[in-house]
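Just to be clear, the model below is a prediction. Sequence and coordinates:
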Amino acid sequence: MIITEPNTAAAAQARQATEKSVDAWRSGAKTLTDQLGQFTIPAIDLTEPVTGYFDYLQRAVDFNRDLAIRWAELVTTLSGSVREQAQRVAGIVQDQTDTVADVSVRQAAKAEQAAKEHAATSERDLRQQARDRYEGLTKTELADRLAERGLPRTGTVEELTERLVSADTE
C-alpha cells in the first residue's frame, strides 16, 4: 500500500493538470471563436460589372460587324460623292467606336482599382483589429499567447505583437 499511495497521488496530480490544460484550451478556443465571429469580410461581386462590360463589347462587335456589312454594301452599290459620304460616316463611326471602347476600358480599370483599394482597406482593418486585441498586454502575456501557438516567444513587445497579428491575419 505504501507504493500505491504515491502513485495514486501522482495520478491525481496528473489528472488535475490535464483538467487545467483542457480548461485553458477550451477557454482559448471560445475566445478565438467569439472574436472570429465579430469579423465581417465584405463581399465583392464583380460579376455584374464584368458581365456588363463583355455584353457591351459583344454589342459593339455586333454593331461594328453590321455597320461594316452595310458599309460594304453601300460602297459596292454607290459611286462618287455618295461613296465619299459613306467613307466619312464610317470614319465617324470608327472614331465613336474607338471613343466608346476607350471609355469602357477606363471604366473597367477604375472598377478593378476600386476593388483593389477595397481589399487593401479591408486587410488594413483586419490587421488593426488584430493589433487592438493585443494592446495593453504585457510581454509575458504576449509570450504566453505565442507559446500556445508554437511561435517564437523572444523579442520586443512590438515584435511579439506583430508576430501575433501576422498569425491572426494569415
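Structure's in. What do you need? Numbering: from 1, shown residues only.

Poorly predicted segments of this structure, please.
When residues are selected by pLDDT under 70, those of the chain lie in 1-3, 37, 39, 41, 79, 82.

80 - rerun?
Judged by pLDDT under 80, the chain has its weakly predicted residues at 1-7, 9-10, 33-43, 46, 74-84, 86, 119-120, 170.

Tell me, how many residues neighbour the closest residue to residue 107 other than its chain neighbours?
Nearest residue to residue 107, sequence neighbours excluded (CB to CB, 6 or more residues apart in numbering): residue 53, at 7.6 Å. Using the backbone N, CA and C atoms, a C-beta is placed for each residue, glycine as well. The number of residues packed near residue 53 is 16, by other CB atoms under 10 Å.

go on, the one 5 residues further on?
Residues contacting residue 58 under the criterion other CB under 10 Å number 10.

distance of it from residue 120?
Distance check for residue 58 against residue 120: by CB to CB, to the nearest Å, it reads 32 Å.

before we move on, what about residue 26?
36 Å.

what about residue 131, which helix or strand?
Assigned by DSSP states H and E, residue 131 belongs to helix 80-134.

hmm, I was thinking of residue 167
In this structure, residue 167 is located in helix 157-169 according to DSSP H and E.

so what secondary structure elements neighbour that helix?
Under the contact criterion of 3 or more CB pairs under 8 Å, 6 or more residues apart in numbering; DSSP states H and E, helix 157-169 touches helix 80-134, helix 139-148.

For that helix, which outside residues touch it?
When contacts are taken as CB atoms under 8 Å, 6 or more residues apart in numbering, the neighbours of helix 157-169 outside the stretch itself are 123, 126-127, 130-131, 133-134, 137-139, 142-143, 145-146, 149, 151-153, 155.

Give the buried subset of the residues you listed as a ChimeraX selection command.
Applying 16 or more other CB atoms under 10 Å to the contacts of helix 157-169 leaves a buried subset, and the ChimeraX line that selects it is:
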select :130,134,137,142,143,145,146,153
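
list the contacts for residue 71?
For residue 71, the contacting residues are 86, 89, 90, taking CB under 8 Å, 6+ apart as the criterion.

Nearest spatial neighbour of the residue positioned nearest the centre of the chain, chain-adjacent residues omitted?
Centroid-nearest residue in the chain: residue 119, 4.9 Å away (criterion: CA atoms, centre = their mean). Nearest residue to residue 119 in three dimensions, chain neighbours excluded: residue 44, at 7.1 Å (CB to CB, 6+ apart).

Which positions in whichever strand or helix holds residue 57 come out as buried?
Residue 57 is part of helix 47-77 when elements are defined by DSSP H and E. By neighbour count, and taking 16+ other CB under 10 Å as the criterion, the buried residues in helix 47-77 are 49, 53, 56, 71, 74.
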